[in-house]
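J.: structure, please.
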Amino acid sequence: MLLPQDIRDCIPRDHIGFAINDVVDTLNMSEIEKTYTNDTGGASAYSPWLLIKVLFYAYATGIRSSRLIEKQCRENMVFRYLSAGACPDHGTLNLFRKKHLTALEDIFVQLVLICGQMNMADFSNISIDGSIFQASASKKHTFNTEEITKWKKRISTILKEAEDIDTQEDATYGKHNRGYDQIPPKLADPKTRQKEIQRLKDKMDKLTTADKKIQDKQDKVKTKTALVRKGTNHNNHNIIDPDANLMKLKNTKAVKPCYNGQLATSNQLILSYDITTQAVDERSLFPMIQKTEDNTKEKIHTLKADCGYWSKENMRTLTQQYTSIDSYIPDRRKNYEEKGRRDNTLNNNHRTYFVYDKGKDAFTDPSGSVYRLKITNRDKDGNILSQRYFREQTTVHNQTPAHNKKTNVRDNVKTKTKAKAKDNAPKQICVDWELEGYKTTMRAKLNTKEGKRIYLERMSDVEPVFGNIKHNQKMTTFHCRGKTMVKREFGLSCIAHNLTKLTNYLKNTQHRKQFETLLLQRATT
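T.: Numbers count the residues shown, from 1 in each chain. Model (predicted):
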């Protein structure tokens, strides 16, 4: 069978390979070219444009292994077109990914700006979300400080024993005798041989049992330390990937070393990305806002994020410093409390049923008990804080089942008992007025018709992007180790996603003509 003279005749005209080829040819690679040196001689390097085209297409099709990419460069027609017939080996591809892609974020920004010029997204209206990705490390290699100390002590003991054994064997066999295939005197003598073999078997059984107990103890300790609160892992350290922290995977509920991938998107186009080592998202809100504005060179006017980004500090900063941003971020208890009130499934003593009398500065619960101000918190300088404690004033309690149940409260209200041993002890609630104000204002905005419409856009904006990366690109576990390399690998997936979106966008004839005009302008400047 005869092949066509031009390999492009074998590839569909709307294939993503052509978009990758055209876009990469217009990118500024000066920062990457600076990483190349050939002062000591050697063969000529592959063109960075060639290798970047191959990597972008590989990640877009879910291929991340350098050996599989090398195989595709030899066998796949699209890969051969992008590599101009060259077949870089896996070592070259891996070295380029590690050493020369330091300016990957600059390439990402260039691609985002190209998509912006094509009017593919509104850069002022964004959605932010995070998702957990498994690290290239096992949980069994994660230790806390106690375990590290114990293992170091054990290893020191084992090394000392090994030195003693070497000294003893030198004395037994002689320094210049090999010893390993010479039968010891006890085994050479038939009278003592069986006794010595049984002693060695007993010792081996004891070592096996001890090893199993150590493994069981490690699993037990690591399970306890893996209960991450507020995303902190201060006592854990993974010896394979030191930057990875223990996090709970959403699908399997297993706790494993992971990273948290952050995305800011608009119309399913990724505008900025980041990798964090915290399981919670709230600390990533403002870094992602800043990254997005830096990348797009535009100010954000509408922000949508889930309850993982809710906190009093975040709401205060948005209200005081980012006044131009219209944010839609629900608190963590919104859905639970509103659904509970609609279905009448909340506890009778839930805080949402309490009534506040501003004139008397007191709360009244559903049973009629009055809670009056007891304590107003102050900081170390004596300034009054927003938290205030109210104590129940009734002296005799009607011990009904509903009254004796603790109030189910989170975030800004906590139920405390003065004396847990006594059923009739007065109850106390803590109210954070600042947080209460943020929560009331945000819930009112989200419950409007316009607020519901805007917030629902988030589910069709950022969520499908993570679905594409994890399902289509098969990016559920990172292949690289260390935060720097993991962020680089995540960046390649984000670029591959944007190139896929661009390719689909160009299937429209009018958009294709606009794109060709844009490429011509970039080539001449």
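J.: can you pull out the helices in the stretch 401-525 of the chain?
T.: 401-404, 433-446, 449-456, 463-467, 483-505, 509-524 (DSSP state H, counting those that start in this stretch).
J.: please, where are all the strands along this structure?
T.: Per DSSP state E, the chain carries strands over the ranges 125-134, 142-144, 236-238, 245-248, 255-266, 269-276, 302-305, 326-328, 355-357, 362-364, 370-378, 384-392, 413-417, 427-432.
J.: turn those strands into TSV, columns for distance to C115.
T.: Yep, even glycine has a C-beta here, placed from its N, CA and C like the rest. Output for the strands of the chain, formatted as TSV (distance: least, CB to CB, whole Å):
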stretch	distance to C115
strand 125-134	14
strand 142-144	39
strand 236-238	37
strand 245-248	31
strand 255-266	10
strand 269-276	6
strand 302-305	19
strand 326-328	23
strand 355-357	50
strand 362-364	53
strand 370-378	49
strand 384-392	43
strand 413-417	45
strand 427-432	42
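J.: who's in contact with D106?
T.: 28, 31 (CB atoms under 8 Å, 6 or more residues apart in numbering).
J.: can you count the residues close to R332?
T.: Close neighbours of R332, defined as other CB atoms under 10 Å, add up to 14.
J.: sorry, wrong one. I was asking about N238.
T.: N238 has 22 nearby residues by other CB under 10 Å.
J.: confidence score at it?
T.: At N238, the pLDDT value in this model is 74.
J.: that one touches A137, doesn't it?
T.: Yes. The pair N238 / A137 is scored as a contact, 5.0 Å apart, by CB atoms under 8 Å.
J.: who touches both of these two?
T.: The contact sets of N238 and A137 overlap at 244, 257 (CB under 8 Å, 6+ apart).
J.: quick one, helices of the stretch 1-150 of the chain?
T.: 16-25, 30-33, 48-60, 66-75, 77-82, 90-95, 104-117, 145-173.
J.: nearest to K445, of the strands of the chain?
T.: In terms of CB to CB, the element of these nearest to K445 is strand 326-328, at 7.1 Å.
J.: please report the distance of the most centrally placed residue in the chain from T517.
T.: The chain has N260 as the residue nearest its centroid, 0.7 Å off, counting by CA atoms, centre = their mean. Distance, N260 to T517, by CB to CB, to the nearest Å: 40 Å.
J.: next: A244.
T.: Taking CB to CB, one finds A244 at 45 Å from T517.
J.: which residues touch the closest residue to T142 other than its chain neighbours?
T.: Closest residue to T142 apart from its sequence neighbours, by CB to CB, 6 or more residues apart in numbering: N238 at 4.5 Å. For N238, the contact set (CB under 8 Å, 6+ apart) comprises 135, 137, 141-143, 244-245, 257.
J.: now the buried members of those residues.
T.: 135, 137, 142-143, 244-245, 257 (16 or more other CB atoms under 10 Å).
J.: which one of those residues is nearest to N472?
T.: A135 (21.2 Å).
J.: do you know the pLDDT at that closest one?
T.: So A135 comes in at 91 (pLDDT).
J.: these two touch, right, H479 and R488?
T.: No. Shown here, H479 and R488 do not form a contact pair, counting by CB under 8 Å, at 11.0 Å.
J.: who has more neighbours out of these two?
T.: More crowded of H479 and R488, by other CB under 10 Å: R488, with 18 against 14.
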